[in-house]
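# my questions are about this predicted structure, shown below with the sequence.
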Amino acid sequence: MKRRLSLVFKQLKRKIVVGIAGPSNHQRQAVVSLVLLALTELALLTLTFCTNFLSAYIHNTIEVFRGFRLRALANAQSVVAFERMTGIFVEQPLQRWHDEKYGGWSFWNTYYAGVHPVVTVVFLCFILVRMFSWKLTRVNWKRLNEGSSDYAPVAESAAFGTAPARGSFADLTPAQQYRFLRAVWVLGAWVAFFGFLFIPMMPPRLLPVCDFFNAAGANVGACLTTEFSFIDTIGAHGSLLWDWNDESVKTLNNPYAAFPSQHTIFAAWCALTWIHLFGPASPTLSVRSTRYWLRAVLRWGIVVYPMVTVYCIVVTANHYISDALGGLAVLAFSYAAVHFYYVYKSRSYVASRTPLASPLPY
C-alpha cells in the first residue's frame, strides 16, 4: 500500500512537472522539479513556524476566551503544585535573584523575542541550501541539453546503507540528512502545537497580572497578586523588537502557548543539528592532541545555546521549568520516532534488496 501511494505521488509529480515545463524540454523539467521541491519545502517550514499563530487563531475562532483562560490557569496551578511537590519551583526566587544581581532585562527580553526565530531560521536555511546544493551537483545538465529525459536524481540507496541495524547519520546523503533533521523539527513543532491546543498554560508572568488585555479587551492575567510576584519583564522593560502591547502581537500571539516550550524545542534542535552535521573527530586524531579537543569544543559547545535559552525563558517568567522539560521530552520523542522510521526503512531495503524510495516526502 505504501509503495503504491509512493508511486502515485511520483507519477503525479511527474505529470505536474511535464505539464509546466513541456514534454520535450528536459532542462526546464529539471528546473521546475527543483523549484517545486523548494516551494513545497518552504511552505511546510513556514506553516510549521507559524504554529503558535495558528493555535491562537483556532482558539479565538472556536472557543470562548473565558473558558480558555480558566483552563490555562487551572493547568498552570497544577504545574506549580507539581513543581512545589518535587522541589523544582525555583522560577520566582530565580527571577528575584537575577533582578537584584544582574538585571539587563533589555538584553534578555530581546534574546527571548529575537534569537529564538532568527537562529532557527538560519539553521533551517542552511540545511535546506545544503540539500539543494547537493541535488544540483547530481543533475547532469549536459545530458539534459542533449535530450535525455532523466531529469530527476537517481534513486537513493538505503537510508542507513552501511549499518542498517544500528543506523548512522553519516551514512545518509545530504538530502536524506536534511529530511531527517527537518522531520525531527517539524514533528516536534506540531506536537507542541497540539499541546497548545489541548493543554493551554498560563505563563508565570501572567499569574499576578490584573490589567493586561488581549485585542478583544479580555483580561488574560490571573490577578493572583498575593500568591505570586513574577515580573512581566517584557511588559515592564520592553525589548528592542516588540512589546506585548503591540496590536499585532495581541492579535497573533497565543498568550497560553507555553507547554511544551517551543523555544526549548527549537534551541535544542539547533544544537542537535550542529552536533550531527559537525560530526565526531577523526579516529586518527589522538585524544592528547590540541586539534582533538578543539574539535570537541566546537562540536559540543553548541549545547550552551539551549541552556542559555532555557535560562532566558524561565528568568523572564515566560515559561515554567516544566515547560522546558516538556520541550526536551517532545524533541526526544520526535528524534526517536524519525530515527526508528529510518532504521525500519533500511531494514526493509536490506531484506528485500529492492531500490528504496527516498524516506519521507521527496
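Sure thing, it's come through.
# what separation do you get for Leu172 and Lys345?
Leu172 is 11 Å from Lys345, where distance means CB to CB, to the nearest Å. For glycine as for every other residue, the C-beta is placed from the backbone atoms N, C-alpha and C.
# export stretch 180-200 as CSV, just CAs?
C-alpha atoms of stretch 180-200 as CSV (Å, rounded to 0.1, in the frame of the first residue of the first chain):
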residue,chain,number,x,y,z
PHE,A,180,15.9,13.6,8.8
LEU,A,181,16.6,16.9,10.6
ARG,A,182,13.6,18.6,9.0
ALA,A,183,11.3,15.8,10.0
VAL,A,184,12.5,15.9,13.6
TRP,A,185,11.9,19.7,13.7
VAL,A,186,8.5,19.6,12.0
LEU,A,187,7.3,16.7,14.2
GLY,A,188,8.4,18.4,17.4
ALA,A,189,6.8,21.7,16.4
TRP,A,190,3.4,20.1,15.6
VAL,A,191,3.4,18.0,18.8
ALA,A,192,3.9,21.3,20.6
PHE,A,193,1.1,22.8,18.5
PHE,A,194,-1.3,20.1,19.8
GLY,A,195,0.0,20.8,23.3
PHE,A,196,-1.0,24.5,22.8
LEU,A,197,-4.5,23.4,21.7
PHE,A,198,-5.3,20.8,24.4
ILE,A,199,-3.0,21.9,27.3
PRO,A,200,-3.2,25.7,27.4
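# you'd agree Val186 is up against Leu47?
No. Using CB atoms under 8 Å, Val186 is not in contact with Leu47; the gap is 9.2 Å.
# so which of these two has more stuff around it?
A count of neighbours by other CB atoms under 10 Å puts Val186 above the other of Val186 and Leu47, at 20 against 13.
# dump the residue contacts of that one.
Leu44, Leu45, Thr48 (CB atoms under 8 Å, 6 or more residues apart in numbering).
# ok, of those, which come out buried?
Buried by 16 or more other CB atoms under 10 Å: Leu45, Thr48, out of the contacts of Val186.
# any idea which of the contacts of Val186 is closest to Val121?
Comparing the contacts of Val186 against Val121 with CB to CB places Leu45 closest, at 8.7 Å.
# re earlier: take the contacts of Val186 and write them to a markdown table, including secondary structure, pLDDT and distance to Leu277.
As requested, the contacts of Val186 are exported to a markdown table (DSSP: H, G, I helix; E, B strand; the rest coil; pLDDT from 0 to 100; distance: CB to CB, whole Å):
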| residue | secondary structure | pLDDT | distance to Leu277 |
| --- | --- | --- | --- |
| Leu44 | helix | 96 | 20 |
| Leu45 | helix | 96 | 17 |
| Thr48 | helix | 96 | 20 |
